[in-house]
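Task: produce atomic coordinates for the following.
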Amino acid sequence: MRKPASPAANAVVFINARLIDPASGRDEPGGLLVRDGVIADLGPHLRRNAPDGVTVVDCRNHVLCPGLIDARVFTGEPGQEHRETLKTASNAAAAGGVTTIVVMPDTTPVIDQVALVDFIQRRARDNAAVNVHVMAAMTRELKGEEMTEIGLLQRAGAVAFTDGQSTISNARTMRQVLNYAKDFGALIVHHTEDVHLTGTGVMNSGEVSTRLGLPGVHKFAETIVIERDVRLVEMTGGRYHAANITCVESLETIRTAKAKGLPVTCGVSINHLTLNENDIGPYRTFLKLRPPLRSESDRMAMVEGLTAGDIDIVVSCHNPQDVDVKRRPFAEAADGAIGLETLLAAALRLFHADQIGLLPLLRAMTINPAKLLGLPGGKLEIGAPADLIVVDLGQPWVVDKARLRSRSKNSPFDESKMQGRVLRTLVAGETVYQYDDDAR
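Numbers count the residues shown, from 1 in each chain. Presented below is the predicted three-dimensional model:
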């Protein structure tokens, strides 16, 4: 569901900007004209010169680029609004420079019927500040047994199909899902975790888990499922996306599949790109994630995979959890962390550390997810939706969970120092967030 253009955002020109468009490789000084919710013109000729009769915004040499597309967002609506609503999630997204969110079906009830896809779209239209799209369930009630009506759900607006944080253990069922989805060109997004291998594990298996006295989760619990799924893709030809890989062995499997020309892609969460198992420290439950944070060597492998283009997209894996389930002993605490508002700032850590260039970093959060999901945004191009952000790459700030806009406050970056802040966010040409006007 895309936000309609606002009459108030009829014509605005952004001058004196650093235009960055990962889709075309553009990185140059210039300006951009927005009219009727879409990009009407852009280029160096608008850097200093504004057309007559339009509102002028001086970007002061800051980055102007496409808004981010976050393809893995969990909310509590419907059924668990105490965790997060579409409204609060969208406000957090806007503040973080995310102009499109794709919500998961892990709600109460599960989004496995046409009526529920329609419900989310209507709620988003009425309450959300950013574009909201739905990934519907691929099996009923996320049980991994009976397929949903993928064709009908796609027609209702579902952009892809997933069982969220649940894994289809039965290979026959997974094969049927891939076969059926292929008839509709639908994308299957899978959380790869062998729950029998995971068992009672709560963090990455290794020296750190032993030292902390916590049961570990071996990374092969992830890789084994990916290897099985790739074989099933070979059998069926269905489009497949591994939702969140975390280790070098999984990356190697994806690389091999791509080298064979299979329709396989993968994503990585910002947490697994910028944090490792050592950050858990004194049992910090805000860093209890699923899949768990891995070793530093695995984290670096994820960065290298992203730089090389083997990893297609970066997601926040935004998963709000309230105090009651997070303020517990580490082994008993719920999995998950919020991440919409810190997605870009955390990603910029890699850029500032010279671990990855700005264009490939932004590409994985703009045009790549747009292409993967068939969405119209993610690029600076005449006629494209004016979903844009202005970013000060150098501005320092400190994450304060009390000031985050998410309803839940379980940020793994709480009290962390960041460099890079979103100054303005536009959706369909309308400003939905502006830092200067933010009363704090």
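
And the helices in the stretch 101-250 of the chain?
If DSSP state H, counting those that start in this stretch is used as the criterion, the helices of the stretch 101-250 of the chain fall at 114-127, 150-156, 171-182, 195-198, 207-212, 220-236, 248-259.

Tabulate those (JSON lines), appending distance to residue 266 and mean pLDDT.
Backbone N, C-alpha and C define where each C-beta goes, glycine included. Below are the helices of the stretch 101-250 of the chain laid out as JSON lines (distance: least, CB to CB, whole Å; pLDDT from 0 to 100):
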{"stretch": "helix 114-127", "distance to residue 266": "25", "mean pLDDT": "98"}
{"stretch": "helix 150-156", "distance to residue 266": "21", "mean pLDDT": "98"}
{"stretch": "helix 171-182", "distance to residue 266": "16", "mean pLDDT": "98"}
{"stretch": "helix 195-198", "distance to residue 266": "19", "mean pLDDT": "95"}
{"stretch": "helix 207-212", "distance to residue 266": "25", "mean pLDDT": "97"}
{"stretch": "helix 220-236", "distance to residue 266": "8", "mean pLDDT": "98"}
{"stretch": "helix 248-259", "distance to residue 266": "5", "mean pLDDT": "98"}
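
do you know which of those lies nearest residue 391?
helix 114-127 (24.7 Å; CB to CB).

who's in contact with the closest one?
1, 3, 77-78, 85-87, 90, 103, 107, 109-111, 132, 134, 136, 149, 152-153, 156-158 (CB atoms under 8 Å, 6 or more residues apart in numbering).

Tell me which of the helices of the stretch 101-250 of the chain lies nearest to residue 347.
In terms of CB to CB, the element of the helices of the stretch 101-250 of the chain nearest to residue 347 is helix 248-259, at 18.2 Å.

Which strands and helices lie in contact with the very next helix or strand once past that closest one?
Next helix or strand after helix 248-259 toward the C-terminus (DSSP states H and E): strand 264-269. In terms of contact count using 3 or more CB pairs under 8 Å, 6 or more residues apart in numbering; DSSP states H and E, strand 264-269 is assigned the packing partners strand 68-73, strand 239-242, helix 248-259, helix 296-308, strand 313-315.

now do 6 Å
Helices and strands touching strand 264-269, by 3 or more CB pairs under 6 Å, 6 or more residues apart in numbering; DSSP states H and E, are strand 239-242, strand 313-315.

Which one of the ones you listed lies nearest to residue 29?
Among the helices and strands packed on strand 264-269, if distance is taken as CB to CB, the winner is strand 313-315, at 26.5 Å.

could you say what helices and strands the closest one packs with?
strand 68-73, strand 264-269.

which residues sit against that strand?
70-72, 267-270, 364-365, 368-369 (CB atoms under 6 Å, 6 or more residues apart in numbering).

roughly how far apart are residue 413 and residue 361?
17 Å (CB to CB, to the nearest Å).

With residue 114 instead?
37 Å.

how much distance is there from stretch 37-56 to the middle of the chain?
30 Å (CA atoms, centre = their mean, to the nearest Å).

show me what contacts residue 251?
301, 305.

I'd like the distance between it and residue 95.
Going from residue 251 to residue 95 by CB to CB gives 31 Å.

Residue 281 now?
From residue 281 over to residue 95 the distance is 27 Å, taken as CB to CB.
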